[in-house]
Every structure is written in structure tokens, then in C-alpha cells.
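Novice: predicted model and sequence follow; I will ask about them next.
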2 protein chains.
Amino acid sequence: MHIVVDSSTVLVRDASAWLGTDRVAGWVADDIAAVVGGNHPVIAPEQLGPGRPTTAVIYGTVGRSGLLDELNGNGLIDVAGVVDKREVYALKIVDNPLPGVGRAIVVAGSDKRGTIYGLLKVSELLGVSPLRNWSGIEPRRRKSVMLDSSGVDMVSHEPSVKYRGFFINDEYPAFGNWCRIHFGGANARCYERVFELLLRLKGNYLWPAMWIDNFSLDGPGLASAELADELGVVMSTSHHEPCMRAGEEYGLMRGPDSPYGDAWDFNANPEGITRFWRDGLERNKPFENVITMGMRGERDTAIMQGASKAENIALLRNVLKVQNQLMREEIDSDLNRVPRQIVLFNEVESFFFPDDPSEPSLLDDPELDGVTVMLSDNNLGYTRTLPTGPMLAHRGGFGMYYHMDMHGGPTSYEWIGSTSLPRVWDQMSCAWDFGVRDIWVVNVGDIATNELSLAYFLDMAYDIERYGSAHPNNTDAWLDRWVAQQFGGAFDERDQSSIREVIVRTMLMLERRKHETMGEDTYHPVHYGEAQQLLDDVEWLERTCADLRSRCPEDVLGGFVELVYYPACATANLMAAWILAGRNKLYAKQNRVDANAIADQIKERLDLDRDIVHDFHTVAQGRFDGFGLSEHFGFRSWCADNNVLPQRRYIEPARLPRMIVSFGGSEDYNIGSRWIGDCMTTNVFDDPRVTSAVMTIACGSEEPIDYAIESECNWLAFSRFQGATASHDDIRVTIDRETQRRSGQTEGHFTVVGFMAESEGGYAVPEKSHARVHVTVQADPYLPEIDEVGAGTFLDVDGIVAIEATHWAETGRGSDGSCFITMKPYGRTDGAVKVLPSRTDFSGLQPDGTLVPVDAAAAPWVEYRFAVREGGEYVLRLVMSPSMPTTNDAIAMIGVSVNDGPIVVEDTVEDHSQAFYGCDQYNREGHDNARIHETCVNLKSGANRLRFHHISPNIALERIELVREGVELPTSYLGPIESPRSR
Amino acid sequence: MHIVVDSSTVLVRDASAWLGTDRVAGWVADDIAAVVGGNHPVIAPEQLGPGRPTTAVIYGTVGRSGLLDELNGNGLIDVAGVVDKREVYALKIVDNPLPGVGRAIVVAGSDKRGTIYGLLKVSELLGVSPLRNWSGIEPRRRKSVMLDSSGVDMVSHEPSVKYRGFFINDEYPAFGNWCRIHFGGANARCYERVFELLLRLKGNYLWPAMWIDNFSLDGPGLASAELADELGVVMSTSHHEPCMRAGEEYGLMRGPDSPYGDAWDFNANPEGITRFWRDGLERNKPFENVITMGMRGERDTAIMQGASKAENIALLRNVLKVQNQLMREEIDSDLNRVPRQIVLFNEVESFFFPDDPSEPSLLDDPELDGVTVMLSDNNLGYTRTLPTGPMLAHRGGFGMYYHMDMHGGPTSYEWIGSTSLPRVWDQMSCAWDFGVRDIWVVNVGDIATNELSLAYFLDMAYDIERYGSAHPNNTDAWLDRWVAQQFGGAFDERDQSSIREVIVRTMLMLERRKHETMGEDTYHPVHYGEAQQLLDDVEWLERTCADLRSRCPEDVLGGFVELVYYPACATANLMAAWILAGRNKLYAKQNRVDANAIADQIKERLDLDRDIVHDFHTVAQGRFDGFGLSEHFGFRSWCADNNVLPQRRYIEPARLPRMIVSFGGSEDYNIGSRWIGDCMTTNVFDDPRVTSAVMTIACGSEEPIDYAIESECNWLAFSRFQGATASHDDIRVTIDRETQRRSGQTEGHFTVVGFMAESEGGYAVPEKSHARVHVTVQADPYLPEIDEVGAGTFLDVDGIVAIEATHWAETGRGSDGSCFITMKPYGRTDGAVKVLPSRTDFSGLQPDGTLVPVDAAAAPWVEYRFAVREGGEYVLRLVMSPSMPTTNDAIAMIGVSVNDGPIVVEDTVEDHSQAFYGCDQYNREGHDNARIHETCVNLKSGANRLRFHHISPNIALERIELVREGVELPTSYLGPIESPRSR
């Protein structure tokens, strides 16, 4: 059966429909109008006209809808699947459900939110983006849409996580300006837009903005809270705002004559604070809330500066007791019916883990019985302590306060969304597996540009069966659908594919380094070509985005710019500015005159940054005006204050003619001076895959250079043997490996002769420049032993081996059946491997924090095969995601074995004298988005096998790097290029 | 008696006068014409006219002058004082010496050079500068000059050093271009100018230019050598050019068909090389020479690259034998009549000191018997190994190859003379005292701008009785005379005093750091105000020089510019460029927008550098054209290749308004951010002498700042309480110490509130800036104990004491009567102390290199008195001149004792595993022109006495600095300002 939705389709409500479902029906009516035109009234059955039967969307909530009862009774629908369910809906196309309705989609919700989700599902089926109203994405207009039962008839499942939502935070300058420009403040008009977004994304829970806004005062008054309740949005306050009071409220109401007193200090002013809380609870009790418990200092600071942990805990215990009593008195004498949460954010976490395990944990405080304990991520999307051991017994369950935006350490990131979907999958599926299932809240800052990752986060929360750890590597397919959902109506398949690629490449750029911590020294300007690779990506992004935009229909332009174009172009431009700053620095160090042209390019990039933000602010009639305001360059502390934008270095050309020769991939340069050495060596051809490399001849003075290459080597070819430049010339040097092999030579020589003007200002300059270049070629790497181990074995180049973790040769299951899986894409380079089930733990860590001897041999492993020319000591660098220990004990162990030797178990946490959260290692790894654990291994000459053994949970291995003792690993951000493999 | 020299004065020669003395008489005639006008023929007695008796200068050489014999016989003169003397002359005013001559000055030389010096003395007496013809300094024109017997009659003494001269070296680009521009090459015309300079400065010995010039080929032919011989100039070749062959000659003459063969390799081509040497000796034997022996590689390189020391020594022994034999055959069978030298320069020195003391030294090689051994300085004016122990027995004596210009390590300096006279006095008087008395040769590069220090060097060599170690601190008076000699005719007393001050301040700037090694990081941009002090000096020099030049008569303008104006202004400008670069770097780090204005100033300084050199090249009809060509900025190796000029950093203003508050003397700054800390502390008032300090309020963005100061402190006054700036404002903060003392406070507080625009581009910016400043004041430092020790005791400030070495309280003689003397000016700051006699050595170092226990108690000492608030461990930093060990054993010991405690003897040489010359310490100290030796001392609270004990010779102490354990000494180049003293 099918139904044709066209301009005549109406929406039919029940007399007893919720206000909120009617409001949502209005949204859907508007959606239908956007698709097929016309006017789609939301009417009662009795308003249906007598004329030609029309098509309709009939909606209601089972249990309060006579209409549904009737259809159920008629057998037209079957509500059995939704009765007594939470937030579930059934959709069904039915014939002649009502007089005047020939055919209808019936939406039967289990409750208010179920009905709303059902209604919004209809819009979705019509090709309406959930971001339609938020981002400005109009659906493809059609005369009519035919929907078939096969796609429509369904019964939804209960959402996996009970409370799913986000937190609007860090609202200045972006959200704060945006809401004032568009709505005059963070009022109910503004929140209607937010609630719509939340519900369309299948969320149900919100922490409102609170830096200077008061959700329950600014509606005006309670208007926002009332609207939330009408729409079924469960409200709360953020982690440090107890009893439904916004954090700023106390500041507004305190004073010497205030009933609340004049001190945010529960020890000094218990009556005032208690009354303040009581009045908050009383005010908001009509609405559906999750009530935050606990207490912090004003504006999210530590509650008792300088107090001991014991004093803090004692205070908290008292606070919890009072708060529970207030809730009993004001809301419900049975606290089991009062949804409550306490959030272990920042230093608060530590209060829950006694230094001495024999002391009682705050978690066991009877006042927390039944309270959902919200755990946190590490501010960067990696979960912190997860429920283990005795924690699991906690009644009230666990939640997760996750971050896709941060105003705090190790770095703030409030500008453009920088969260990668694979990390969300990895960490949130892990959190679910560990039992974090009751509340998922994500800090999305000003929301804008975080919609993509927010949608994925809420999809996971809504349907963990589909998106959890049973389905690794689902983000690519999810992204395909997401792009189709937003842009399927406006762009053809090829363009959609380009959009996906733009998003993926932007995401990877930011996965490697966030905007705010990017700097001129992050990527090495020449080693491994990593800087140039990034610039190439920038160029591709800019070209592709411009191309897509030229074809973008006006009615999705806002969404396209906000979700695709602006994040990509702004990110690319910022990265380019810093890469150019690094190049400028290197060239300036070498005194290349083209350093100055690079400096000018930096300035252009900085101007472009302003232009891109301005474009974002003005596109689509200023829909996003304000959202681009957050600072994003050069943070020198955890926040933007005291940041620095890329600086430009201008060199003064040398006064005497100077030729500067450098060879691709190395900072070395040579000016062909007979006084200070005229020789340089390049080992770029030691990598057998390299067929050519670029040599640059640059000017160090304003004097142009005539140069000639005098080669003594018959297996090197040059793209040019002579030339002249006033800036720089790139010359491609190509190796003929066949001739080289036949020659038996492993070294070749040539000289770049610089003929410079014979005079400076009329004075004689008797020198000319001879830069002699030695080219080394590693002897044929295909040793006999390697042939024995077969194709695909990685081979060292100059004592360095690099292997992407995904390129393992073999894996072995743990004694419990656990096994490594491959995640791809993941992390900074190619992907990663980690072990499922998530809770697999061979660390021997006991619930009391003690360790028993590790049975490493029972743990799952993954094996890498490679060969090295020279045996001996090697530094093994394990590049891992910077995930956090899953317990409060700051232990994150791994095991390594070589060639079936003993398994060496090491802790990747460097310093156990302090909490991991906030420590130096945490900060450094957070900036780099990588943990690099170094250890030593002894290799034999020839083929080797290295196993990585899973010990502690929640560790993802991204790559392994091996560096022979005495070999200096060139500095780089992403590490050496993956090694060549035997054929 | 007096004589009036006027336009009629003639010069009378003897028939048998030397060609050379006649030529010099011609110079003197021209000098007289320059002073009194007229024409002054050099005539024979018989040419004297019969008319009115005239005045004359009669000259001759005793022993070959009938005229002198006659005057002697007449009793008019007495030649007894010159007979059989070396280079001596007698001057006497006599009446009616000859018919037609009423009165004459008779010049009676003991030999050719004595006669020449006597003649030139007459010019000097007439007020003619020795630099007249070289630098362009015309004497004051007068109608006539009356000279009195009291000033004229004299018998000169024998010059102290036998061979006194200089080496024209490193002739490209400066000397090479200059001589080609003016003379078409380094030919006899050019050398006549050089010989004249040498003789007028009382030198007699020259090593000619040899980078690409061949003295004995380019005259043309032997013309230059012949002219030298005519003028009595003893020629040699430089340290690595044996047998009167210029280094480049072999390159010109070698070849497969050459009689000299085609290899500069005495092992492979002994016949060719021998013949090459023989022909050189034969060619130059007609002239007076000192013949260089030994052999190095071509172009002053090591002779046998990669060979062992033993192989080198063996080769040298053979070479010396052959060379002596050649001289016996070609010049004189009695080698005692052949002046010979061998130069221990660079690595050659090491061949003379066997690693195993039991092995014979090359010095004892019989072939070196009677050969003068030329020792060297360390390339920077500090002597290396001096004659001690068995060396003293060497027959042939010792010479010194000294440097006022260098093309080599640790840094080249070839631009503008940077040698300070006090160091020349210190080191060359020491060398004399150690027995270096036979040859003094100084490398003066292209000569230009080294005339001043060259003149002093040659004055010392000529008259060590007057300028040696018996007369410390003679350089100020010498400089007074020198300035009067050059500029007494053109400038009044006050201007001459200004000129002296310009020279002294320029010399001090360069004594602190040479042009070439100056850098942006040399001086700290704010600590101790050292950078600003240098900029103030720059400003003074520029103003004073411009003022002097405006009054400079045209006929001494060349000399004024070359000797005073150009060295001062060019040096000042270079220093300013680097200081600005350091300031630019600091401001850029702080993100001050005025960093960009500083960057522009750097560019102006670099342009000015070119303008100053151009002015030097064009002044006085281009007399100095070419002399300013040497590179002088930013050497990154020992030479100019790969140097770097000051780079400019341009910042991008912060996008949000930013106020940057800093307090004089500290790099700290505060932007008044509530997020990352709004507090800063200044301890500038801890120094009781400080009455006020500058606080700077600077902009970090393009947004102007309105600021106001809210003070909570009644003892601090502010030059302004509010203001507005778009760049920066300096506010003077003044302390009222009386009020502060009465208040009992040791800390004061105020806040700088920055009111910045309320919006950025129309968007709200809700913050303003509060920078809170804590001002500390050290509690009253006049402790009781200090009163007990009396006035003048140095007092610590914040745990730091700094005392100029010259400010000792007491000295004690050594058991041998040796005693510390004060040298002032000397070194980088105020002066220094060192011990005389120069050879005083309490190190216990034996001739065989072993050490016997040091009798430190017998050594002379110097005592410093100071008081510290807190007792305990202090780091003692002894700042010394970077002099070299006087022996090859790399030992330079000093002793320290505190409060009559034990004398701790330490070696200031850090690493004994290698030769000191060329080691890291040598390089570092050479760049800094200071040795800073750190050790630990334990002080008591209150008054302390610290003694510095002389142990090894040739060590000058410049300052002592003490830093309490745990106190961080602010980085600076010159160290903390000297401590306050008790009253």
C-alpha cells in the first residue's frame, strides 16, 4: 500500500492531543508544505470536509486518544507494540481511517515524546532534514510524494538511553550574540528553535545556556520552561547548578537584605542557600526535570578553594542530604520518583574516589542512592573513569557528560566543531558497554557546526543496538545517510560524495590537531612532507568547496555553508596560515628571500579568516550571525586570552649573492661555501619506493642566481640542468634504480654551481658557489630472510620502521574470547586496533586498586611483521589514542613481545603521583590527540615479529614505529611515512 | 734656541744619503708645505743659494755622511748617542751649520731607519699627523712654526722590539677592492702608501697581503720588494708562506710541466717544492727579510689532512732541515745572519708541545736554533702559550703574531676595528714580560679603522719602557695625545674631548660584543635596562658625531670620518638594529601591536647601515672606497657565509581588545584576564636606590585602550592615573620610601583597569581587563651588622650581590711581593684587577706539566666586602677576561676564600680532555669576551668578606656576582647592576 502526500494532505489531531504534539504537528504541516506546497491544517476529525476524500496524517498518543482506540479497535492499526513503552511510536498507512480521509499515515505514540518522534518521522520520510529549520535546509520541492507501506509501517523501539540531550555552553561570544541578534535573548522564542532541533534529532533532554542567562527567568519568566514541558523536553541544569537554579541566579538575588543571604557558602550561609534551592525546586517542580545535586563554587569553580579533600567531601555529604530533604518536601516524598543526577566533572570526580581505599566512597553515600551519577569525558571526547567493580552496584545508574566544545583545559575549543565520529563511536560505545546508560548529555557549545557529531551522538543514544560496539566502523555509512538526508534533494550523487569527502577530510585535519592548539611548530615544515600534504588538502578543500557552492541551490545554501563549506574552508584556511607560518620560520632561518613572500601569504590567510567568518555571518540572510565569533588562533593557555595569531617574519636579504640548495624532506641546506662546508647529503632515495625528489635552489639575497648542475652520476636525472631564479626553482631529481643497481653504487654525487653576479654594487666579489650533493641509496633491501617470510613484510629504511596499526599480520584471541578489531578511519593517520568486548581487562587491577600478577599470555594480541637490516636495540614507539584510564587508579597498561619472547607489560601512564586528569601527560596528549609510549626492544637482523598485547581496556593502537639505536628520528607531528613492504 | 720653520725652509741631504731617506725627506718636505706653504726642495749642500741664510732640515746617517761627520767634528752635534745603535736618531737645532743655512734641525740617524724615524719626527713636531697621507688629515696651516730646542733636541732610544709591524690580511672584499680602485692592484704604488704609514707609526716590518696577491710578482715584478728595501721596511711573508714565496705563487706556477711539479706535498714532490723555495730565496735575497720557515697546506690549511701529529712533526722536521740548507746555500752560510721565524698559529702550535712530555719538543729541533718562534694570540687579542720553563732557553727568541682582525674562529671580524687599547696593553705588556720581544706583528686586516689600535700597538713595541707593565692605565692619556695629534689642529679642546668620548664609548660597545657576533638575543631586552642603556649610548653617539661633523673642517673630514665618525655611527647603528630586533621579539611574544613599529625601525636601521657605508666610501673624494665592504651582521659560523641580518617579526593584532601591562625591567606581563590570572608582581623597588620605575600599558589589539589606575597604596605615586592609548603609554611609578617605611608595609597593590570598546565589529564583548599589580619593597636593608662593618659595604637585593672587581676593600701581597693592580677602563663593565709582575704563578705548575700542591696562602689576594640578609649557599660567579692559559697545559687557576676560611683553588678551564684553543669554552668566551666561572660559597647572614686569590698568571677579574640558592638570576648579558652600598 502507498500513500500520496500532496498539497491537499491534512493533519488530524485528537481532541485530547497534547499541546506539544499539536505544536509539532504544526512543524510537520509546514514541512509538508515545503515539500509539496499547499496548506496543511492541523484539524480535528470533525473538521474534515465532506468532499473528495483526502490524505491525512493522523496522530495521537495511545491511552489518551479515542481516535487511536477506534482505529485499533477497527484493526486498522495495532498499538500493542507501543503500549506501556517509553517514547515509542507506531506508523502505519491505513485506508479510509475516517470519513473524508481516503488514506492516512497513522502515528501512534506511546507517550508524548513517542508521538512527537512519530510525527517527525513522517517529515523525515518526506525527505525533510531534521536541520531544516535550524540550519536552513529546504527539502526538494515535489508535486507529491508517494510513500509505500514498506518504508512507513513500523514500530519504533524504546530509545537506548533514557535521557539524551545536549548542553548549550560557553555562550559568549557566539551563542550569546546569535540569540540576542535573532531573538533578543536566550528566551522562549530562541529555545523553541533549540527544542525543535533536539526533538528532530531524537533527543529529549537539555541543559540550557547559563553563562549569563537564566533559563527559568528569561523566557520571559518561566516561558521557556513551560515550552520545554509542553514539548516533552526534559530540562535540567548543568553539572554545577543544583536544584534547578541557574548558576547566575544567586548573583542576581543575593544581598544583605536578600532572603538568600549574601554568601555562596553552605557552611557560612546554610539557611540562605537552602532557601534558594527550595525556591528553585518549588518554581520548577511543575515541569519534567532531572535535578542536579551537589554544589560547586560560583561560575563552575572549585567549591572550597584551598580546602582539603576531606573537608570537601564532608560538605558535599551535608549538601546532598539537605537537597534530598528539600526534594522530598517540595516534589515527592518518594525520591525514587524524582530523577536526580550528580556530575563528576573536573576535580569533583576525585571526591568520589577516596585516597585510602578503606575509606567509604562518596558514591556509597546513602543520599546518592537512586541518583544517576554522571561521569565525564576528559573534555576532549575520551571517557574518564567508567563504572567498574563496586561502582556497578550503584542504584541510580550512570550518565555521561561528554564534550564537543570546551571552555577549559587542556584547551578550549568553541569555534567550529572538531569532533570526529569514529571517536564518538569508540568512546560512547565503550561507555555504554561499561554501563553508562541512563543519561547522555553532550556539551555542544553554541550548537552551530556541531550538528553533525551531535546527530551521531544522539543516534547512538537512541539506538545503541544499531550504533554500538556490535557495529564497528559504522560512521562512514552513517555519514552517507546524513549527507543524503541534508543534501540529497539539492546535490547529485557525485556532489554528495564530494560533500562527504569534504567532511571527512576536515574531520581528519581536526582529529590531528584542533584549531586552537595548531601552531607554526606543530607540523614539521618539510619532514615526511607532512606540511605540504596538509597544504595540498587545504587546496583540495578550497577548490572542492568553491565548486560545490557554485552549484548549491539557494534554498539549502545556509545549511550547506554552515555544515560543510564554512567548517571546511575556515579550518583549511587556519591550518594553511599556520603551515605557512612554519614555512616562513624555516625559510627565514635559512635566509631565503622567498620567506618574505610566504609572510605576505600568511597575512592574506589572516584576512581571509575574517572574510570567511563574515561570509558565514551574512549568508542566508544572516541566519548564523554571531556563531563564528569564537577565537580560534594560537591559544597559549587553556583559553583564548593571551592567544597569538600567526606572526610574520621578514628577512633582510644577504648583502652578498647567496645560493641556498635544499633537498626535499630535509631542513638541511647548503650555500656552497668553501669556508663552512659545501657538502650535503640526502638519503631520500634510501626509501626504495621513492622515484624522484625535489631539490630547491633558492636565493638568499636580492641577486638572481644562474645555476648549473654538474652531475657525476649516470643514474640520476634532472628536470633541468641549468636555470636562473630570483626567488627559487624546484628541480625534480629522478632516480633510475635499474641503472643504479647495475652500477653497484650506493652513493652518487653532483654539484650545483651558482654563478652569481660578479660584483656587489660595483665591488668585486671573487667567489662563486659550489654546493655538492651526495645522494645515498640504501643497498637492495630484499634480503633473503625477508623472502622467506613472504610478501607484505615491512622493511626498514635507514633504521626506521613505521607500521599503521591496522596493517597487522595476525591476531590472537584472549582466553576469554576477546579479540582485536580494526577501526578505520580512526585517529590521526590510518586507523587503529582495539579489543572488544570493551570491558576486557587483563591488567590484574583489583577493585580495591591493587594489582595482581598479570596473565598477559591469556590476553588477546595483534602481530606485526617487519624486517630490519641491522639487529640490536630499537626504540619502539607505540602511537595510541590518548584515551583515559577506565578507573581512577591512573593505570593504562599494554604488553609487548618480540619474536615469541617474554611479554613485557608496561604502564603507559608516566607519573602515578597525581591524578591523570589534569596532569602534564594528559595536557600534552590532549593537544596532540595521541599518546606516544616509548620502550626498548631488541630485534634480530632480518625478519621480526612484534606483538602488541591488550592489557588494560579502552586503549586503541594507531601505529608502531621502530627506531634503531643511534638513529635520530626526524621530528614530525604524524611520524614517519609507513615503511615499504616486501613484494 | 728655537728655529722658525716657514715657507723658505729647505731639506739638505748628504751626497751619500740612502735613496730611502731621500724619499722620506720628500714626504717631510710635503708635510712642511702643508703646514707653512711654499716649496721645500731636498737639496745637496752645494745647491744652497748664496742669498739670505735660510732654515733647513739637515739629515744623514752616521757613518755614511760627511756632512754629519763635519757637524760632529764642529761640535754642533754629538753623534755619540747614536753610533752603533739600532734605529736611533738624534735631533738638534744648530746655528749656521752650513753656508746659506742660518739655523737647522739636524737629523742624525744611526742607520737608515733611524734617519727615517728622525726625519718623520720633524714632521710630527710640526703638528703633522702620522696618518696625514693615509687617512687624509691635513695639519693646521700656519705662516710659520717656531720650534724650541727644549722640544726638539733629543736622542731617541733603541726600539724595544726588533721587528715591529703588521700584516695586511683578509684582503677581500675591503683591501682588495680599495687597492684596485685606487692603484690598480696591490702594487708598489699601493705599498708606498702602506710603507709610509708603517714608518710614520715607527714600525719597520710588514707581512704583505696574500689572499690573491703576490707581493714579489705584482709590483709589477719586484718593484714592491725593491721599494720596501729602499725605505728600510723589512719584509716577510705570513705565517704559512715559507721562503719568501707568497702562498698563491705555487698555484700560479705549478703544473705537469712546471719545474716545481704539480703537488703542494713535500712527501710526494720534494724536488719541485725545494726548487720552488730555493728560487724564492734567491729572488728575494737582495732585500732585508725575515724568512718564514715551516710549511702548511695551501691557503692556510692544515698541512696533512687526517695525518697524525707524529707524521706532521716528522714532516716539519724534514722541511726545516731543507729550508735551512737552502738558506745556507742561497743567502748566507752562517744562518745566524739570516733572520728567520716560525709561526705557531692555529693547530701548528700543538706540534711544538708533545703529548708525552718525555718526547722531544719540536722547539728543541736543532734546525730551529736561532729561529724566532712566533707565538700567537687566540685570534681575539688574548695571548696563547707564552714562553715558560725550558722554552725560555730557546735561542732565537720569541715573537707575537697578534690579531686586530680575523678571518677565522671563533669569529671573523673584518669590518671596523674592534680592539680595545686596554686589552692590547694588558696582553702585550704581559707578552713582553714573558719574553716575547723579538718580533711583534699584528694582523690589521685592511688596515682602515684599525689605525688607532695599530698606533698604540706599535708605540708599545717601540717603547715598552713607557707603555709596558710598569705603567698601568696609560691608554687614556695615550688616547688624549692621539686625538690631539690627529685633530688638535681642527677641533677645539671641548670637541677633542667629545671625540675621545666617542672613541671610548664605541670601544666599550665593541669590547662587550663584536659587530659580527652581536645578535637579537645578546642583550636582554629589559633585564637591568641593559638594552635601553645601549640604545641611549647609540643615541648619544649619533647625536655627538653629527654635531662634531657639522663643525669638522673639510681638510680633516676624511680622517675624522674614517677614524671617529664612521666607526662610531656604523657600530652604534648595528647595535641598535639588534637591540631593536630583541625588543621586536619580546613585544611580538607579548603580542604588543607596537612590535610592528619596532619592526619598521629595524628596517630603517638596516637601510641606514648601507647609507653609512656609502658615506664612508664616498667621503673625501672616495679615499676609503672599498674599505667598508666586509660583512658585519649576524655571523652564524666563524665567517660571514650564511650570516643573517636582523629579521623583523610582525604580529597580527588580537581580534579582541587586549591591554598588556608590564613593569620596567621584567619580561612579565599581564593582560588582566580573569581566566588565566590577573596578577603580577614587581620587585623593582626592592633595590633601595630605585625611586621610580616605568610601567607600560600597551595595546594587544587594534582597539585603543582607556585605562585607569586604582591604587590602594599611599606610598606610590603615578605620573598619570588615567589615559588612553592606541600603542603604548609609559607611566612612571614613584615610591615615597619615607611614607612606605612609616606604613610598615612591604607590599603595595594597585590595579590597572582597561576599559575597552564594548564590542568587536558590532558584537558584544562582555569583559573588561583588571591587571592587578603587587609591588614589593625589601624591608629596610641596613642591618645592625652592616653598620658595624662601616660604610661602603655592598648589600644584597633579593639575594643577589654584584660587585665590580675594581671596588675591592683591601689587597694583600704575595710572598714574592706580587700584588693586585686595578685596570680601568678594562673589559665589559667597569674595570678589572690583575696581578703584577705578569709572570707571578702560584699554580704549582711544573715545567713538565705536573702540578705540585699549591701554596695558595702565599699568593696575593683582593678582598670584597658585602652583606647578605640570609646566610646559606650562594653561587659565586667570577666574571673574568677570557684570557688563555699561559702554558700549553690548559690550566688557569684561581682561589676563593670566604671570611678567612680555607682557600678553595679551582681551575677555570672546564674540560681538560682537549686543547683549550678551539674548544667550546674558548668559542663561547670569545664571543662573550668574558669567562664566567661559577662555584659555590657559604655565606653567613650579615657582613661577609670574600677573597679572590691569584693562582695562575694572566687572569683579570672583572666582577663578582653572588646569587642565593633558590634565587633565579635574571638572564642578562652584562650581569646585575652593581649592588647598593651601605652609607
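Specialist: Thanks, I have the structure now. Numbers count the residues shown, from 1 in each chain, chains lettered A, B, ... in the order given.
Novice: tell me which residue is most central in chain A.
Specialist: Of all residues in chain A, the one closest to the mean position by Cα atoms, centre = their mean is A:T419, 1.3 Å from it.
Novice: how far is the lengthiest helix in chain A from where the chain is centred?
Specialist: Using DSSP state H, we find that the single longest helix of chain A is helix A:594-622. Its chain's average C-alpha position is 24 Å from that of helix A:594-622, according to Cα atoms, centre = their mean, to the nearest Å.
Novice: span of stretch A:348-362 from start to end?
Specialist: Using Cα to Cα, to the nearest Å, one end of stretch A:348-362 lies 11 Å from the other.
Novice: which one is A:S420 nearest to, not counting chain neighbours?
Specialist: Closest residue in space to A:S420, ignoring its immediate chain neighbours: A:E511 at 4.4 Å, by Cβ to Cβ, 6 or more residues apart in numbering or on different chains. Where you see a C-beta, it was placed from the backbone N, CA and C, and this is true even at glycine.
Novice: does the one you found belong to a helix, a strand or coil?
Specialist: At A:E511 the chain is in helix, as set by DSSP: H, G, I helix; E, B strand; the rest coil.
Novice: rewinding a little: ok, now which ones touch the residue nearest to the centre of chain A?
Specialist: A:381, A:404, A:450, A:453 (Cβ atoms under 8 Å, 6 or more residues apart in numbering or on different chains).
Novice: may I see the PyMOL selection of the buried members of those residues?
Specialist: In PyMOL, a selection of the buried entries from the contacts of A:T419 looks like this (16 or more other Cβ atoms under 10 Å in any protein chain shown):
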select buried, chain A and resi 381+404+450+453
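Novice: what two of the contacts of A:T419 are the furthest from one another?
Specialist: Greatest spacing in the contacts of A:T419, by Cβ to Cβ: A:G381 and A:N450 (11.8 Å).
Novice: what segments of the stretch 1-150 of chain A are strands?
Specialist: A:2-5, A:10-12, A:42-43, A:54-61, A:89-98, A:101-109, A:145-148 (DSSP state E, counting those that start in this stretch).
Novice: also the stretch 601-750 of chain A?
Specialist: So, for the stretch 601-750 of chain A - with DSSP E, counting those that start in this stretch - the strands run A:648-650, A:659-663, A:669-670, A:679-682, A:692-699, A:705-711, A:716-718, A:722-725, A:728-735, A:747-756.
Novice: tell me which of the ones you listed is the most buried.
Specialist: Across the strands of the stretch 601-750 of chain A, the average number of neighbours (mean count of other Cβ atoms under 10 Å in any protein chain shown) peaks for strand A:659-663, which reaches a mean of 25.
Novice: neighbouring strands - and their directions - for that one?
Specialist: strand A:669-670 (antiparallel), strand A:692-699 (antiparallel) (DSSP bridges).
Novice: can I get those in TSV including mean pLDDT and distance to A:L362?
Specialist: As requested, the strands paired with strand A:659-663 are arranged in TSV below (pLDDT from 0 to 100; distance: least, Cβ to Cβ, whole Å):
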stretch	mean pLDDT	distance to A:L362
strand A:669-670	96	60
strand A:692-699	96	61
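Novice: dump these to a markdown table, plus distance to B:F487.
Specialist: Output for the strands paired with strand A:659-663, formatted as a markdown table (distance: least, Cβ to Cβ, whole Å):
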| stretch | distance to B:F487 |
| --- | --- |
| strand A:669-670 | 48 |
| strand A:692-699 | 45 |
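Novice: closest to A:D463 out of those?
Specialist: For A:D463, the closest of these is strand A:692-699, at 50.2 Å, according to Cβ to Cβ.
Novice: for the strands of the stretch 1-150 of chain A, which one sits closest to chain B?
Specialist: Nearest to chain B among these is strand A:42-43 (38.8 Å), distances taken as Cβ to the nearest Cβ.
Novice: just checking: what are the partner strands of the closest one?
Specialist: Counting by DSSP bridges, strand A:42-43 is paired with strand A:10-12 (parallel).
Novice: what's the average pLDDT for the partner strand?
Specialist: For strand A:10-12, the mean pLDDT works out to 96.
Novice: and stretch A:529-537, by the same measure?
Specialist: Averaged over stretch A:529-537, pLDDT sits at 97.
Novice: for stretch A:50-60, same thing?
Specialist: The average pLDDT for stretch A:50-60 rounds to 90.
Novice: who touches the closest residue to chain B within the stretch 451-600 of chain A in this structure?
Specialist: Closest residue of the stretch 451-600 of chain A to chain B, Cβ to the nearest Cβ: A:N591 (5.2 Å). With contact taken as Cβ under 8 Å, 6+ apart, A:N591 is in contact with A:651, A:653-654, A:658, A:660, A:700, B:642, B:644.
Novice: the strands in the stretch 251-400 of chain A, which residues?
Specialist: Secondary structure of the stretch 251-400 of chain A (DSSP E, counting those that start in this stretch): strands located at A:291-292, A:340-343, A:372-376, A:398-403.
Novice: quick one: distance of the first one to the chain centre.
Specialist: When you say that, I think you mean strand A:291-292. Mean C-alpha position of strand A:291-292 versus that of the full chain (Cα atoms, centre = their mean) differs by 27 Å.
Novice: and for that strand, what's in contact with it?
Specialist: With contact meaning Cβ under 8 Å, 6+ apart, strand A:291-292 is reached by A:236-244, A:281, A:323, A:327, A:331, A:338-343.
Novice: before we move on, the earlier item: relative to strand A:692-699, how tilted is the longest helix of chain A?
Specialist: Helix A:594-622 and strand A:692-699 are oriented at 110 degrees to each other (axes from the mean of the first three to the mean of the last three Cα atoms, to 10 degrees).
Novice: pLDDT and distance to B:S412 added to the contacts of A:N591, as CSV?
Specialist: Below are the contacts of A:N591 laid out as CSV (pLDDT from 0 to 100; distance: Cβ to Cβ, whole Å):
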residue, pLDDT, distance to B:S412
A:I651, 98, 21
A:P653, 96, 20
A:A654, 93, 15
A:R658, 92, 16
A:I660, 96, 20
A:G700, 95, 18
B:N642, 94, 12
B:V644, 97, 15
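Novice: between those residues, which is closest to B:V101?
Specialist: Nearest to B:V101 among the contacts of A:N591: A:A654, at 62.8 Å, using Cβ to Cβ.
Novice: what count of nearby residues applies to that closest one?
Specialist: For A:A654, the neighbour count with other Cβ atoms under 10 Å in any protein chain shown is 25.
Novice: residue of the stretch 851-983 of chain A nearest chain B, please.
Specialist: Proximity of the stretch 851-983 of chain A to chain B (Cβ to the nearest Cβ) peaks at A:N923, 14.4 Å away.
Novice: ok, that residue touching A:G409?
Specialist: Yes: look at A:N923 against A:G409 with Cβ atoms under 8 Å: they come within range, at 6.8 Å.
Novice: these two: who's more crowded?
Specialist: With neighbours defined as other Cβ under 10 Å, A:N923 and A:G409 compare such that A:G409 has more, 18 against 14.
Novice: what's the more buried one sitting at in phi/psi?
Specialist: As for A:G409, its main-chain torsions (degrees, to the nearest 10) stand at phi -80, psi 160.
Novice: now do the closest residue to A:C430 other than its chain neighbours against chain B, distance only.
Specialist: Spatial nearest neighbour of A:C430, excluding adjacent residues (Cβ to Cβ, 6+ apart): A:S838 at 4.3 Å. Distance, A:S838 to chain B, by Cβ to the nearest Cβ, to the nearest Å: 36 Å.
Novice: let me know the pLDDT of A:S838.
Specialist: In this model, A:S838 is scored at 97, pLDDT.
Novice: take the strands of the stretch 251-400 of chain A and write them to TSV, including mean pLDDT and mean neighbour count.
Specialist: Output for the strands of the stretch 251-400 of chain A, formatted as TSV (pLDDT from 0 to 100; neighbours: other Cβ atoms under 10 Å in any protein chain shown):
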stretch	mean pLDDT	mean neighbour count
strand A:291-292	96	26
strand A:340-343	95	26
strand A:372-376	95	24
strand A:398-403	97	25
